[in-house]
Structure formats: structure tokens, C-alpha cells
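Chemist: Let me see the structure of the following:
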Amino acid sequence: MVTGSVRGPGPEMARGPDAAGAHVVLDGRHPVTLARAAARLWVEGGHDGTAAAFDVTDRDAAEQAPAGPDGVGILVGDVGDRDRRARPSPRPS
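Modeler: Numbering: from 1, shown residues only. Predicted coordinates:
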């Protein structure tokens, strides 16, 4: 799973696992831009994966995020802290 995979280094970080044949789950908050990024990656890389539009700072949404066929084996976090919305304190596990 590559979080923040729509802009910046995120799409590039997804290329390696995709090229190696991994089932890559791309994440982004905006479905339209996420779909464009996924289409570019999968057309260029020739593989398929999953695109999941959710906010990784939303714990409930993250817990419901889709995983690959064998779960999430590797998590690549490319989410910066540019989003200045107020966030609740993390809940203990």
C-alpha cells in the first residue's frame, strides 16, 4: 500500500513494487485524481492493483481500507503534514 500516491514522490514510489509484480494499493483522498494516477501507473507498468480513496488520518476509514489478496505486506507512507485541519488525538490501540 502506498499512501499519498497521487502527487509528489508517491506515484514514483509505487512504480518499484508494481514493476516487481506486487499487487499495489494506491491511496489518496480525492477519487478523481487517484483514478488518474492509478490509470497512469497501471497503463505504463502493465500491472493491475487497487485504488482506495480515503484519508489515512481517519482511523476508521484506514481500518476499512482494502488490502491486496494477501493483506498489506509493505506500507509506504508518503503523506506529509501539509493538511492543517484539526485532528483528534490518536486513540490508543
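Chemist: you'd agree Ala51 is up against Thr33?
Modeler: No: between Ala51 and Thr33 there is no contact under Cβ atoms under 8 Å: 10.3 Å. Yep, even glycine has a C-beta here, placed from its N, CA and C like the rest.
Chemist: which of those two has more neighbours?
Modeler: Per other Cβ atoms under 10 Å, whichever of Ala51 and Thr33 has more neighbours is Ala51, with 21 against 13.
Chemist: Doesn't that one belong to a helix?
Modeler: No: counting by DSSP: H, G, I helix; E, B strand; the rest coil, Ala51 is not part of a helix but strand.
Chemist: and it, what does it touch?
Modeler: With contact set as Cβ atoms under 8 Å, 6 or more residues apart in numbering, Ala51 has these partners: Val25, Leu26, Gly28, Leu34, Ala35, Ala37, Ala38.
Chemist: Next, name the residue at the spatial heart of this protein.
Modeler: Closest to where the C-alpha atoms of the chain average out (Cα atoms, centre = their mean) is Asp27, at 2.3 Å.
Chemist: Quick check on it: phi, psi?
Modeler: Note on Asp27: its backbone torsions stand at phi -130, psi 140 [degrees, to the nearest 10].
Chemist: Off-centre distance for the strand or helix carrying Pro17?
Modeler: Using DSSP states H and E, Pro17 maps to helix 10-19. Centroid separation between helix 10-19 and its chain, computed with Cα atoms, centre = their mean, to the nearest Å, is 11 Å.
Chemist: Pull out the buried residues from it.
Modeler: Of all the residues in helix 10-19, those buried under the rule 16 or more other Cβ atoms under 10 Å are Gly10, Pro11, Met13, Ala14, Pro17, Asp18.
Chemist: Over to stretch 55-65?
Modeler: Those would be Asp55, Val56, Ala65, for stretch 55-65 by 16+ other Cβ under 10 Å.
Chemist: So which residues of the chain form helices?
Modeler: Taking DSSP state H as the test, the helices found in the chain are 10-19, 31-45, 59-63.
Chemist: how many other residues sit next to the nearest residue in space to Gly73 that is not next to it in sequence?
Modeler: Counting by Cβ to Cβ, 6 or more residues apart in numbering, Ala22 is the residue found nearest to Gly73 once chain neighbours are left out, at 7.8 Å. Close neighbours of Ala22, defined as other Cβ under 10 Å, add up to 15.
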